[in-house]
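Q: A predicted structure for the sequence below; I have some questions about it.
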Amino acid sequence: MRFHTRKWVKPEDLNANGTLFGGKLLAWIDEEAALYSIIQLENKRVVTKYMSEINFMSTALKGDIVEIGIDVVKFGKTSLTLNCEVRNKMTRETIVTVDNIIMVNLGADGKPKPHGKTKIEFVRDRLASEV
Ligand SMILES: CC(=O)SCCNC(=O)CCNC(=O)[C@H](O)C(C)(C)COP(=O)(O)OP(=O)(O)OC[C@H]1O[C@@H](n2cnc3c(N)ncnc32)[C@H](O)[C@@H]1OP(=O)(O)O
C-alpha cells in the first residue's frame, strides 16, 4: 500500500472527546480515494458509489500526523475498487481501515462509462511513453 498523503490534526478536526472526529477522517478518505481515482482513470468525473464496513481501531490527538494509504483491489469495467488504511505516524497504530471503496467513472452525461484501464499506472511511465 502506498501512503500518498499526510494530514496534521488541528483543533477544528476534533470531536467533543478531544480526539480526531470520525466524520473529518471519512472526508479525508473520500477525497483521497477521489483524487487517486481521477489520476488513475485520467477523468475528473469520478464519483464514490459505495464504501464497505469502516473499522475505527485507534485515534489521533491534536498535533498528531496521520497518513492515508490507498491500494487498488480491482479494476472493473466502469468501476475502480480501492482499499484504504489510515495510520497515526506518532503512535504507529492503524486508525481506520476501509476494505472496499467503489469509485465509478462517469461520462459527460453523468452515466457510468468504461474507463479502459486494467492496471495501476505511474505518471513517470505515462511521460516516458509520450517521448
Ligand atoms: C468523490 C465524491 O464525493 S462523489 C459524491 C458522492 N457520490 C455520488 O454522488 C454518486 C451518486 N450515485 C450515482 O450517480 C449513481 O449511483 C452512479 C452513476 C455512480 C452509478 O449508477 P448505477 O446505475 O449504480 O451504475 P451501474 O449499476 O452501471 O454500476 C456501475 C459500476 O459500479 C458497480 N457498483 C454499483 N453498485 C455497487 C455496489 N453496491 N457495490 C459494488 N459495486 C457496485 C457496478 O458493479 C459497476 O461496476 P463495473 O462497470 O466495473 O462492473
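A: Nice, thanks for sending it over. Just so we're clear, the structure is a prediction, and the values are computed from it rather than from any experiment.

Q: figure out how far the helix ranked longest in the chain is from the centre of its chain.
A: Determined from DSSP state H, the single longest helix within the chain is helix 22-41. With CA atoms, centre = their mean, to the nearest Å as the basis, helix 22-41 stands 4 Å off its chain's centre.

Q: output the contacting helices and strands for it.
A: strand 2-8, strand 46-51, strand 65-75, strand 79-88, strand 94-105 (3 or more CB pairs under 8 Å, 6 or more residues apart in numbering; DSSP states H and E). To be clear about C-beta, it is placed using only N, CA and C from the backbone, and glycine gets the same treatment.

Q: hmm, that helix in reach of the ligand?
A: Yes: under the criterion of CB under 6 Å from any ligand atom, the ligand is reached by helix 22-41 at 30, 34.

Q: I'd like the average pLDDT over that helix.
A: Taken as a whole, helix 22-41 has a mean pLDDT of 97.

Q: tilt between that helix and strand 46-51?
A: 130 degrees (axes from the mean of the first three to the mean of the last three CA atoms, to 10 degrees).

Q: show me which positions of helix 22-41 end up buried.
A: 24-26, 28-30, 32-34, 36-37, 39-41 (16 or more other CB atoms under 10 Å).

Q: also stretch 59-73?
A: Using 16+ other CB under 10 Å as the test for burial, stretch 59-73 gives 59, 60, 64, 66, 68, 69, 70, 72.

Q: within reach of the ligand, which of these are there?
A: Among the buried residues of stretch 59-73, no residue is within reach of the ligand (CB under 6 Å from any ligand atom).

Q: if anything else comes up later, I'll come back, but that's it for now.
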